[in-house]
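In: Curious how this folds, go ahead:
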Amino acid sequence: MATRDEVFPSRFLKAADLGGKPTVVTIKEVSREKLKNGNGEETSKSIAYFKGAKKGLVLNVTNWDKIADITGEDDSDNWPGHRIEVFPTTTEIGGETKDCIRVREPAQGELPKPKKPVVVPKPPLSEEMDDEIPW
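Out: Now for the predicted structure:
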């Protein structure tokens, strides 16, 4: 048997597509597209597309604001090339808990190990001492 998602594939990323794991993606482009809402009415939505990904992410206000914060750019024309992390979570909508996708800044990964400091030997204490008292 086939699953619902196999029979009716979506063009857009859903929480279930992430397999319960966060994924770091690079924004390829953001476009405005007309989509139908639950009532069949057309609305204009922003869709973020990612390098190497088949599906785009329909942006809500929460994710838009987070991407703007991460990139330092409110204009989505300046987002391509920036990396973000998408992760599955849940949210309350109309008193029900629903699966959703949220955005955050990618973890830095392992930081480079600091280089060993150069140690300059101190002169012997006898050379530093001066018997004169300045006052």
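
In: Please count neighbours and contacts with C-alpha atoms only from this point.
Out: OK.

In: neighbours of residue 121, just the number please.
Out: By other CA atoms under 10 Å, 6 other residues sit near residue 121.

In: Apologies, that question was intended for residue 9.
Out: With other CA under 10 Å as criterion, residue 9 counts 9.

In: how much space between it and residue 2?
Out: 11 Å (CA to CA, to the nearest Å).

In: tell me what the longest helix belonging to the chain is packed against?
Out: Under DSSP state H, the helix in the chain containing the largest number of residues is helix 61-71. Here helix 61-71 touches strand 96-104, going by 3 or more CA pairs under 8 Å, 6 or more residues apart in numbering; DSSP states H and E.

In: what's the strand it packs on packed up against?
Out: By 3+ CA pairs under 8 Å, 6+ apart, strand 96-104 packs against helix 61-71, strand 83-93.

In: between the ones you listed, which one is nearest to residue 25?
Out: Each of the helices and strands packed on strand 96-104 has some distance to residue 25 by CA to CA; the shortest is strand 83-93, at 5.6 Å.
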